[in-house]
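Trainee: Sequence and predicted structure below; questions after.
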Amino acid sequence: MKRVKTIIKNKKFLKMVGIVFVVLILVGAYFAYVLYTGRIFIDDSLIQAPIITISPSASGKVQEMDVQEGQYVHKGDQLAIVGSQTLRADTDGLVVTAPDETGSTVNTTTQLIQMIRPVDLRVAGTIDENKGLNQIKVGQVVAFTVDAFPGKTFWGYVDEVSPTAKTAQLSFSISSERPTQQFVVYTKFNATQYPQIENGMSAKMTVYTNTR
């Protein structure tokens, strides 16, 4: 009798194990479906951040340039002196352009210095309008690779899809083919988690359209 009860208990246990196994298979199949279907590839991608332009508030002669390309500055640091005006950084950031304009006269439209905030780095990918653009939405999961780090995959999410084409061709001849417009998809990632990623690096993106 005891042996019969043991067999019955074992059958119940095996049945339970079987159910758990089936559930795990179904869950795994679902995630595999999510990850490996609904993918859009964007090969033409670049790591970049919004440019912060430093210009004088009035025309004047550049007395001195205090920063150079590649230098990291902190909020309040002196960047240059134009006439009697001292230009200072409004935020922490990385100087990406700072040509030596010492001695030249500049005005309010002169982009004397350009900076970026490394924490604002994003992947900017260019995609043809007929290559799945209509399926890409803000919030979707994105895997991306960087040419400088072969074999390594990074993760982020769609942060923005440009509302207008990169180069809007307003007119074309009747005999020519209708132009295919290109749009930019921006992927945000945790720059603190991936400190090795730098501005200007080439990249490739895979957008998972089933993850939103």
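Mentor: That came through, no problem.

Trainee: what mean pLDDT does the helix or strand where residue 22 lies have?
Mentor: Taking DSSP states H and E as the definition, one finds residue 22 inside helix 2-36. Helix 2-36 carries an average pLDDT of 61.

Trainee: Can you name the secondary structure element that comes next after that helix?
Mentor: strand 39-48.

Trainee: So which other helices or strands are in contact with that next one?
Mentor: strand 122-128, strand 202-208 (3 or more C-beta pairs under 8 Å, 6 or more residues apart in numbering; DSSP states H and E). Bear in mind the C-beta positions are built from the backbone N, C-alpha and C, glycine included.

Trainee: what's the closest of the ones you listed to residue 69?
Mentor: strand 202-208 (19.5 Å; C-beta to C-beta).

Trainee: quick one: low-confidence ranges for this protein?
Mentor: Low-confidence segments of the chain, defined by pLDDT under 70, span residues 1-15, 17-18, 20, 23, 26-37, 168-177.

Trainee: rerun at 80
Mentor: Within the chain, the ranges that satisfy pLDDT under 80 run 1-37, 167-178, 212.

Trainee: Quickly list the domain ranges of it.
Mentor: 1-36, 39-49+119-208, 52-118 (automatic domain parsing).

Trainee: Any chance of JSON lines for those domains, columns mean neighbour count?
Mentor: Below are the domains of the chain laid out as JSON lines (neighbours: other C-beta atoms under 10 Å):
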{"stretch": "domain 1-36", "mean neighbour count": "10"}
{"stretch": "domain 39-49+119-208", "mean neighbour count": "15"}
{"stretch": "domain 52-118", "mean neighbour count": "15"}
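
Trainee: check which helix or strand covers the closest residue in space to residue 71 that isn't next to it in sequence.
Mentor: Distance criterion C-beta to C-beta, 6 or more residues apart in numbering; nearest residue to residue 71, sequence neighbours excluded, is residue 95 at 4.7 Å. Assessed by DSSP H and E, residue 95 sits inside strand 93-97.

Trainee: Who are the packing partners of that strand?
Mentor: Under the contact definition 3+ C-beta pairs under 8 Å, 6+ apart, strand 93-97 sits against strand 72-73, strand 113-116.

Trainee: Let's see that with 6 Å instead.
Mentor: strand 113-116 (3 or more C-beta pairs under 6 Å, 6 or more residues apart in numbering; DSSP states H and E).
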